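Chemist: next come a sequence and a model predicted from it.
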Amino acid sequence: MIIILKQDINSRDKEYIQNFLKNQGFKVREIIGDQETIFGAVGRISIDFRKIEILPGVSRVIPISKPYKLASRELKKENTIVPVGRVKIGGNRVAVIAGPCAVESREQMFKAAKAVRESGAVMLRGGAFKPRTSPYSFQGMGEEGLKILKEAGESVGLPVVSEIVGTQYVDMMKEYVDVYQIGARNMQNFELLKAVGTKGMPVVLKRGLSATIEEWLMAAEYLMAHGSDNIILCERGIRTFETYTRNTLDLSAIPVIQKLSHLPIIVDPSHATGLRAKVAPMALAAIAAGADGLIVEVHPDPDNALSDGPQSLYPEEFEKLMRDLQALSPVIGKEIERIPENRPINVRSTDKAVDYIDKNIAFQGVSGAYSEKAIHSYFGDDVTTSPQTEFKDVFESVLQGETAFGVVPVENSLAGTINENIDLLLRYPDISVVGEHKLRIVHNLIGVPGSSLEGIRKVYSHPQGLAQCADFIEKHKNMEGIPFYDTAGAVAYLKKLNDPSCGAIAGKEAARVYDMHIIKESIETNPRNYTKFFIITRTDKAKFEDPNRAAFVFSTPDKPGALFSCLKILADSGINMNKLESRPIQGKPWQYMFFLSVDLPGESKAFDAALIQIGNISEDLRVLGKYRVEQ
Ligand code: PEP
Ligand code: MN
């Protein structure tokens with residue numbers, strides 16, 4: 001059952017309720033959500049709900065109708081995000097786990113680790129105990145294999161996952177792996193589930209060869225009931241009458257699981273198809289269908305692999321798949337999860353005092369804004385966000401050290417440059433750009449609960465939001481767009497109005513934050529609608545690793561060919577320019593600053609040399625930042 005606590009409950013009452021439930025024989029989990037805190041209580045006993053409802057601090061008690069309780073979406077509305085070291089699985093990320101079917105040798109594993117890491121995998125796989133159909137097939141290297149797997153992972157900074165096949169290995173394996181894998185053949189090995197569950201470690205739980213979705217979630221329930229909250233479900237194909245592929249990949253399990261459970265779901269296209277050429281198409285399909293990630297078999301030499309060679313990708317095929325996934329992910333509003341080494345370094349500061357501030361990031365708008373979404377998709381979920389009224393306040397907050405970073409939009413793919421932020425960068429020489437992030441903008445028509453499309457007359461949103469949904473507003477003759485200072489702010493205002501004839505255009509996060517109803521999803525005229533954000537910080541705190549992009553400004557004297565000469569230097573140095581914008585210089589009518597963003601060649605000395613040359617023939621040259629973007 002779910003016990004919803006009153007918002008103003010004190011810790012004494014909380015403890016009392018918890019002890020009361022435990023004494024009755026329930027296992028109790030506290031779940032702190034955005035809107036409310038609840039206790040999930042599960043057990044074999046049944047109890048008269050009224051006995052709980054009368055306890056001080058209890059708001060409501062709701063039964064869970066499904067046989068799986070802890071795994072159920074009824075218990076926890078928010079998606080579970082499974083942390084594995086610095087990597088996170090779930091939420092708006094696409095996390096890719098890769099590596100060979102089995103650990104075969106040190107050389108093979110180190111090669112595989114390097115290859116998958118370079119292509120962008122965030123976790124390394126490798127079986128040390130192989131549950132093979134034939135007792136005469138290679139059975140795996142056992143503990144020796146796990147040692148190699150761990151070392152290979154460490155050599156490239158990747159956490160590792162490996163399959164556990166028996167309860168006797170639980171403690172031994174804990175020394176070597178970051179995540180246990182429970183294989184398809186063991187999905188209903190309940191003793192194994194119980195033993196693994198007690199360790200409280202993350203688990204990849206594969207779907208059984210002929211398991212229904214309910215049986216699969218019951219297996220997750222076993223793990224959770226015994227103490228493991230961090231379960232990653234893995235669809236790996238089921239047995240059907242079809243024999244062309246090794247199994248039949250049940251992609252529809254993805255949305256079904258997402259409706260029934262809060263747990264993340266990844267897909268294994270390798271075991272699902274058994275055929276190398278089918279792996280990439282199904283991997284892309286899985287991500288398009290909403291999977292939180294993939295586990296893919298990649299081998300440095302698949303032709304000589306000791307197991308599952310025919311379904312293992314060559315490293316170059318994996319590299320291509322990762323690039324395709326990178327292009328696909330933003331289309332569905334997601335980001336490829338990366339090992340966060342390319343983020344500005346001070347995010348990961350270990351200094352306690354700095355650490356607190358470093359987790360606080362400024363944005364313009366109110367909670368639920370697209371900029372806030374950009375913060376979480378760039379920095380992850382465990383940072384706090386600091387809403388500011390105006391863009392200028394974001395710069396001030398960073399400059400004053402109240403926040404370590406700011407995230408500001410600089411360009412929309414449909415509406416163009418957000419000049420105000422470019423101008424602010426020019427005005428604040430002590431602020432630098434340390435990163436760049438692209439987000440797909442999906443607008444929704446949002447109303448108060450109970451409102452409907454037919455009833456909406458006034459629609460509030462930022463002028464950009466209204467412009468980007470012009471066709472939709474035009475089509476609905478009764479609707480009138482009313483400019484508001486920001487999109488999420490319009491939803492907050494809607495809540496205050498509480499009028500079913502009023503709507504707002506904003507992201508779905510805003511609807512969630514203010515508990516409003518999405519009347520129609522994705523109403524933007526052009527779905528290829530992206531906004532680019534800059535990550536800014538104080539220049540004296542900015543440190544970068546291995547930059548591949550730079551933003552800089554300069555002005556030129558008023559003479560023929562002045563700009564051309566500067567651009568020619570870039571062209572001659574083989575530097576690709578990806579943005580050029582001119583901005584009026586304040587106080588100097590008809591004089592302009594040029595803002596440029598360029599790709600840095602592998603050898604960044606070429607850029608430094610070009611800058612010196614540009615500096616010689618231009619004025620006020622200033623580098624706004626050199627940083628790394630995932631291309
Ligand atoms: C594996 O991942 O190596 C494996 C054996 O997969 P499954 O349990 O899905 O067959
Ligand atoms: Mn395999």
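Modeler: That came in fine, so what should we check first? Ligands and ions are numbered 1, 2, ... in the order given.
Chemist: looking at the stretch 301-450 of the chain, which residue is nearest ligand 1?
Modeler: residue 308 (7.1 Å; C-beta to the nearest ligand atom). The way it works is simple: take the backbone N, C-alpha and C, and place the C-beta from them, glycine included.
Chemist: ok, the residue nearest to that residue when sequence neighbours are not counted - contacts?
Modeler: Spatial nearest neighbour of residue 308, chain neighbours left out: residue 101 (3.7 Å); criterion: C-beta to C-beta, 6 or more residues apart in numbering. Residues near residue 101 by C-beta atoms under 8 Å, 6 or more residues apart in numbering: 126-127, 130, 270, 297, 299, 305, 307-308, 311-312.
Chemist: after the helix-or-strand element of the chain with minimal mean pLDDT comes which helix or strand?
Modeler: Least confident helix or strand of the chain, by mean pLDDT, DSSP states H and E, is helix 352-358 with a mean of 42. Per DSSP states H and E, the first helix or strand lying C-terminal to helix 352-358 is strand 360-364.
Chemist: count the neighbours of residue 144 for me.
Modeler: 12 (other C-beta atoms under 10 Å).
Chemist: same check, this time on residue 154
Modeler: Residue 154: 13 neighbours (other C-beta under 10 Å).
Chemist: what about it, which SS state?
Modeler: Classification of residue 154 using DSSP: H, G, I helix; E, B strand; the rest coil returns helix.
Chemist: let me know the pLDDT of it.
Modeler: For residue 154, the model assigns a pLDDT of 94.
Chemist: please report how far it lies from residue 119.
Modeler: Residue 154 sits 18 Å away from residue 119, going by C-beta to C-beta, to the nearest Å.
Chemist: for residue 99, same thing?
Modeler: Using C-beta to C-beta, one gets 12 Å for the distance from residue 99 to residue 119.
Chemist: the more surrounded of those two?
Modeler: residue 99 (32 against 20).
Chemist: surely the more buried one and residue 125 touch.
Modeler: Yes. Between residue 99 and residue 125 there is a contact at 3.9 Å, judged by C-beta atoms under 8 Å.
Chemist: just the contacts of residue 101 that are near ligand 2?
Modeler: Near ligand 2, judged by C-beta under 5 Å from the ion, the entries from the contacts of residue 101 are residue 308.
Chemist: so which of the contacts of residue 101 are in helices?
Modeler: residue 270 (DSSP state H).
Chemist: circling back: identify the contacts common to residue 99 and residue 125.
Modeler: Common neighbours of residue 99 and residue 125 (criterion: C-beta under 8 Å, 6+ apart): residue 297.
Chemist: domain assignment for this structure?
Modeler: 2-62, 84-340, 343-441+530-534, 444-520, 545-627 (automatic domain parsing).
Chemist: check which helix or strand covers residue 578.
Modeler: Short version: residue 578 belongs to strand 576-585, going by DSSP H and E.
Chemist: please tell me how far whichever residue of the stretch 451-600 of the chain sits closest to ligand 2 sits from residue 175.
Modeler: Closest approach between the stretch 451-600 of the chain and ligand 2, counting by C-beta to the ion: residue 546, at 34.0 Å. According to C-beta to C-beta, residue 546 and residue 175 sit 33 Å apart.
Chemist: list, one by one, the residues from the stretch 201-350 of the chain near ligand 1.
Modeler: 206, 236, 268, 271 (C-beta under 6 Å from any ligand atom).
Chemist: sort out which of the residues you listed are in helices and list them.
Modeler: Per DSSP H, helices hold the following members of those: residue 271.
Chemist: now, which of the residues of the stretch 201-350 of the chain next to ligand 1 sits nearest residue 410?
Modeler: Of all those, the one with the least separation from residue 410 (C-beta to C-beta) is residue 268, at 38.7 Å.
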